[in-house]
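Undergrad: With the sequence up front, the predicted model follows.
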Amino acid sequence: MKAETYALLAALLWGLAPVIEKVGLRGMDPMTATLIRSLAAVAFLAVVCPAVGRSQMNGMKYVGYMIVGGILAGGLGLYLYYMALSSGQASRIVPLSSTYPLFATLFSMLVLRERPSVETVIGCVLIVVGAVLVSRE
């Protein structure tokens with residue numbers, strides 16, 4: 001049950017953040033917003049990680065993967081998300097940008113050779129249906 005609780009708390013925070021960020025985007029461009037948000041996250045983690053004893057690394061072997069992931073999701077992805085959020089309705093942009101599990105499933109099949117369950121395939125179909133519904137005028 002612990003994992004599910006963490007996931008629901010993350011969803012709660014991820015649902016609240018776009019509303020706050022939409023207000024912040026009224027006073028700055030998306031690139032500046034991306035920089036400020038990223039610096040705030042780094043500052044927060046620089047304090048919290050050592051405090052909770054979660055700052056270990058087992059070698060440098062996988063650091064490059066995390067850097068690429070940070071650039072793709074935390075840099076470019078966040079910037080594009082802020083571009084959309086600054087000019088669109090949060091109630092439409094957030095659900096559309098939240099279709100990333102569909103892409104993660106497809107990429108995990110191609111790159112990691114994972115085999116999705118029937119439930120996962122049904123979930124992906126529902127993601128597509130939801131995206132179509134949200135994007136309709």
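TA: Alright, I've got the coordinates.

Undergrad: okay, which residue of this structure is out on the far edge from center?
TA: Farthest-out residue of the chain from its mean C-alpha position, per CA atoms, centre = their mean: residue 59, at 26.0 Å.

Undergrad: any idea how far that residue lies from residue 3?
TA: Taking CB to CB, to the nearest Å as the measure, residue 59 falls 26 Å from residue 3. For every residue, glycine as well, the C-beta is placed using N, CA and C.

Undergrad: same question, residue 107
TA: In terms of CB to CB, residue 107 sits 22 Å off from residue 3.

Undergrad: So which of those two has more stuff around it?
TA: It is residue 107, of residue 107 and residue 3, that has more neighbours when counted by other CB atoms under 10 Å, with 12 against 7.

Undergrad: so the more buried one is in which element?
TA: Residue 107 belongs to helix 100-111 when assigned by DSSP states H and E.

Undergrad: and what of residue 24?
TA: Per DSSP H and E, residue 24 falls inside helix 2-24.

Undergrad: May I see the buried residues of that helix?
TA: For helix 2-24, the neighbour count (16 or more other CB atoms under 10 Å) marks 18, 21-22 as buried.

Undergrad: Name the residue closest to the centre of the chain, please.
TA: The chain, centroid-nearest residue using CA atoms, centre = their mean: residue 73 at 6.8 Å.

Undergrad: Quick check, pLDDT for that one.
TA: Residue 73 carries a pLDDT value of 94.

Undergrad: Check residue 134 too.
TA: pLDDT, residue 134: 88.

Undergrad: same thing with residue 55?
TA: On pLDDT, residue 55 comes in at 67.

Undergrad: likewise the one 5 residues further on?
TA: In the predicted model, residue 60 carries a pLDDT score of 83.

Undergrad: Count residues in the vicinity of it, would you?
TA: Close neighbours of residue 60, defined as other CB under 10 Å, add up to 7.

Undergrad: got a list of what the residue lying closest to residue 25 once chain neighbours are set aside touches?
TA: Distance criterion CB to CB, 6 or more residues apart in numbering; nearest residue to residue 25, sequence neighbours excluded, is residue 86 at 4.3 Å. By CB atoms under 8 Å, 6 or more residues apart in numbering, the contact set of residue 86 is 22, 25, 29-30, 33.
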